[in-house]
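**Student:** Below: sequence and its predicted model.
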Protein chains: 2
Amino acid sequence: MNEGALNIDGNSVANGWQIPPIARPGDPLSDVDTPALVLDLTAFEDNLEAMQGLVDRHGVALRPHAKAHRCPEISLRQLARGAIGVCCQKVSEIVPFLAAGIRDIHLSNEVVGNDKLDLLARLARHGSITVCVDHAQAAQALSSALVKHQTSMGVLVEVDVGQSRCGVQAPEELIALAQQLQALPQVHFAGIQAYHGGLQHTRGLDERRGAWKEAVALIRRHLDALAHAGIACPVVTGGGTGSAMLDVTSDVFTEIQAGTYAFMDADYGGIDWEAATKFQHSLFLLTTVMSRPTPDRAVLDVGLKSTTAESGMPQVVGFPGVRCVSVNDEHSILDIENGVAAPELGAKIRLIPGHCDPTFNLHDYVVGIRNGYVEAVWPISARGMSR
Amino acid sequence: MNEGALNIDGNSVANGWQIPPIARPGDPLSDVDTPALVLDLTAFEDNLEAMQGLVDRHGVALRPHAKAHRCPEISLRQLARGAIGVCCQKVSEIVPFLAAGIRDIHLSNEVVGNDKLDLLARLARHGSITVCVDHAQAAQALSSALVKHQTSMGVLVEVDVGQSRCGVQAPEELIALAQQLQALPQVHFAGIQAYHGGLQHTRGLDERRGAWKEAVALIRRHLDALAHAGIACPVVTGGGTGSAMLDVTSDVFTEIQAGTYAFMDADYGGIDWEAATKFQHSLFLLTTVMSRPTPDRAVLDVGLKSTTAESGMPQVVGFPGVRCVSVNDEHSILDIENGVAAPELGAKIRLIPGHCDPTFNLHDYVVGIRNGYVEAVWPISARGMSR
């Protein structure tokens, strides 16, 4: 108690000592502190190649969703392989991607509120940014903000194709909004967004294909209505990891918004896949066994502050018969079948997170691993940027 | 696209403009940007008084858990009202609390791994820090780290009193560990931790009282064994928001670790309470209605990156017949009963989060509100500090 006052700045502490970094390039995986989010770079790169190859074979563009990871270093690697740009989901989330030099960004969401529209209009001066609307009032407010900041923007009308979330509900609403956008200053109608999130996670492939066919039929009805009204629709954006193998064959999508394909998670890992398009698990939680109170129980140092549980339990890697049965605030509990090999006190083991998007958002860094060694430590720069 | 390269530093962006702060003292609540975590300071202070009054009346100490909020400004207000210190749950989490001048910290968890033990031993030189063990190997490793860093620490043995998580499983294990701690250098046996997390959330009060009685009987068996072995046990720490009204009457607990009582959440709000000890909801998510696609549906700009859903849906405040039915990554969906008043596009409304601990950890700031105006914006300085 004799070293004087402490001062902290982020993870650093003054007085001649600091909280050590979570990992250092060159370290073996076993030296990474826990809980940590680790990315197997070989599997990650294979996933990028697989998706880019899929869309290239079908002549569709790839605009990967950055909401899945919030890490500009990851987007840069997708762009280097042929992606035409990225999607973001929140206005503030755009900023680190612009700062990383990424200029083609689709904000795949509605933006409501003057503070947010002011920020969006200012950001639009730094890149080629598009945004969604689904309401006349929102289109008017966006146009006013762009006039105020002397900039302009392409706008996509979101169409609800079965997700039952945002979006216009019928072709007549789409036509009215598109015509309003054509008439308003500083905005232009750039196309439609037709994303069906629920469809992505439908377990059975046949069931998924059935829901997908309905969505595509609905998109066609909206495109026909636009054509009939003489309104050009250069972009149809949508699709995702779970439907990409179908989306590329649709003849309606001009670009695919998939995000999770680069990582996979336990939720997506559990749906049926066609052999050609199943992606690899590249994203893991590294965690330490911090208690072994009984032969049938191990407790890990990872909890709800480092992963999420609303999409099911994380999956244990490498220990058959050992499964995660509970995720508390700072602990996860493993149940160990009688007689199987189990990790001992102090062992570091890997989990596949249940849902990658909110898991990335809980970490400041993702640790890139290759052949068992740390190759890179990437900041998750848009972590927490949800405004 | 002509303002040159962007640079960001946290939420700031160079080039003469910045992302505005989420709130400014003096602003009306309606000017707070969303999604935001807001704290009704009057209800918060009432909760602090109520719990401090409860423990004072029974002569038990209060050591509120900082894992619930990770915000030193909140702990300082609990200490100012009579709390004897705080609990933390992770080694790195301690740092901002030490930096804020808080010196009496119980790390209510096991610490395993040399990096973590090194950090803990260094931190122990700055305050009166205690920690838990439940395994001989961990006690030995802790002692070695303290010898290396020339410091010492009081150690509590965690006893599993029904939680089925960490902790020794029988009095003989407790005695063996306590004797080991008495023999090892730089550590001393300081007492036991007997926390039963599952009990806290048991819905019915009678059922909760039944489980609580079993836990207290188990604690007594362990205390009797210590007395029989001639080992003094100055501290018995445990208890929580859901059992505090029982814990203070137990004659076993010397201190109560409750955390959520200061805020309440939808999960704790749903259990049965005795009239004297029910706390108020002081913590809310402020969110904007970003889409009103149909008369029976509203979509909010808050999702899994600003709250959690594993403990149930957030609750809508002020709109009877409007309830949250789904929380997606960046959206929540409200179902609106036919004929009830519902918030319009652009309205800012409040939700009670389902589970306060992981919700705090998703935010960089908590916005303190009094009489409808922003009074303070407190950094959640230990946000993300889970190592």
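**Tutor:** Looks like it came in fine.
**Student:** if I pick A:Asn328, what's in contact with it?
**Tutor:** A:303-304, B:165, B:197 (Cβ atoms under 8 Å, 6 or more residues apart in numbering or on different chains). C-beta coordinates here come from the backbone N, C-alpha and C atoms, glycine included.
**Student:** same thing but at 7 Å, please
**Tutor:** A:303-304, B:197 (Cβ atoms under 7 Å, 6 or more residues apart in numbering or on different chains).
**Student:** Please see if the helix or strand hosting A:Ala215 touches chain B.
**Tutor:** Using DSSP states H and E, A:Ala215 falls within helix A:205-228. No. If you take Cβ under 7 Å from any Cβ of the partner chain as the test, helix A:205-228 misses chain B, and the best it gets is 14.3 Å.
**Student:** What strands line up against the helix or strand following that helix, and which way round?
**Tutor:** Remark: after helix A:205-228, the chain's next helix or strand is strand A:235-238, criterion DSSP H and E. Strand partners for strand A:235-238, identified by DSSP bridges, are recorded as strand A:187-194 (parallel), strand A:255-256 (parallel).
**Student:** between those strands, which gets nearest to A:Asp296?
**Tutor:** strand A:255-256 (44.8 Å; Cβ to Cβ).
**Student:** Can you name the residues in contact with the closest one?
**Tutor:** For strand A:255-256, contacts defined as Cβ under 7 Å, 6+ apart pick out A:55, A:60-63, A:84, A:235, A:237, A:239, A:244, A:247-248.
**Student:** Which residue ranges make up the domains of chain A?
**Tutor:** A:21-40+A:280-379, A:42-263 (automatic domain parsing).
**Student:** Serialize the ones you listed to JSON lines and add fields for distance to B:Cys71 and mean pLDDT.
**Tutor:** JSON lines is the format used below for these (distance: least, Cβ to Cβ, whole Å; pLDDT from 0 to 100):
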{"stretch": "domain A:21-40+A:280-379", "distance to B:Cys71": "14", "mean pLDDT": "97"}
{"stretch": "domain A:42-263", "distance to B:Cys71": "21", "mean pLDDT": "96"}
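**Student:** Tabulate those domains (CSV), appending distance to B:Tyr373.
**Tutor:** As requested, the domains of chain A are exported to CSV (distance: least, Cβ to Cβ, whole Å):
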stretch, distance to B:Tyr373
domain A:21-40+A:280-379, 30
domain A:42-263, 17
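**Student:** all strands of the stretch 201-350 of chain A, in order?
**Tutor:** A:235-238, A:255-256, A:283-294, A:297-300, A:315-316, A:322-327, A:332-336, A:348-352 (DSSP state E, counting those that start in this stretch).
**Student:** typed the wrong thing, it's the stretch 51-200 of chain A
**Tutor:** Going by DSSP E, counting those that start in this stretch, the stretch 51-200 of chain A shows strands at A:61-62, A:86-88, A:104-110, A:128-133, A:153-158, A:187-194.
**Student:** Now A:Gly339. Its backbone dihedrals?
**Tutor:** phi 90, psi -10 (degrees, to the nearest 10).
**Student:** Residues touching stretch A:131-148, excluding its own?
**Tutor:** So stretch A:131-148 is contacted by A:107-112, A:117-118, A:120-121, A:124, A:152-153, A:155-158, A:166-168, A:177, A:180-181, A:184-187, A:193, B:291-293, B:345 (Cβ under 7 Å, 6+ apart).
**Student:** What's the ChimeraX line that selects buried ones from those residues?
**Tutor:** Remark: buried members of the contacts of stretch A:131-148, expressed as a ChimeraX selection using 16 or more other Cβ atoms under 10 Å in any protein chain shown:
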select /A:107,108,109,110,111,112,117,120,121,124,152,153,155,156,157,158,166,167,168,177,180,181,184,186,187,193 /B:291,292,293,345
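**Student:** check contacts around A:Asp104.
**Tutor:** Here A:Asp104 is in contact with A:84-85, A:127-128 (criterion: Cβ under 7 Å, 6+ apart).
**Student:** which residues does the closest residue to A:Thr202 other than its chain neighbours contact?
**Tutor:** Leaving aside its chain neighbours, A:Thr202 sits nearest to A:Arg208 (4.2 Å; criterion: Cβ to Cβ, 6 or more residues apart in numbering or on different chains). Going by Cβ under 7 Å, 6+ apart, A:Arg208 touches A:199, A:202, A:242-243.
**Student:** From A:Phe263, how far out is A:Pro25?
**Tutor:** 21 Å (Cβ to Cβ, to the nearest Å).
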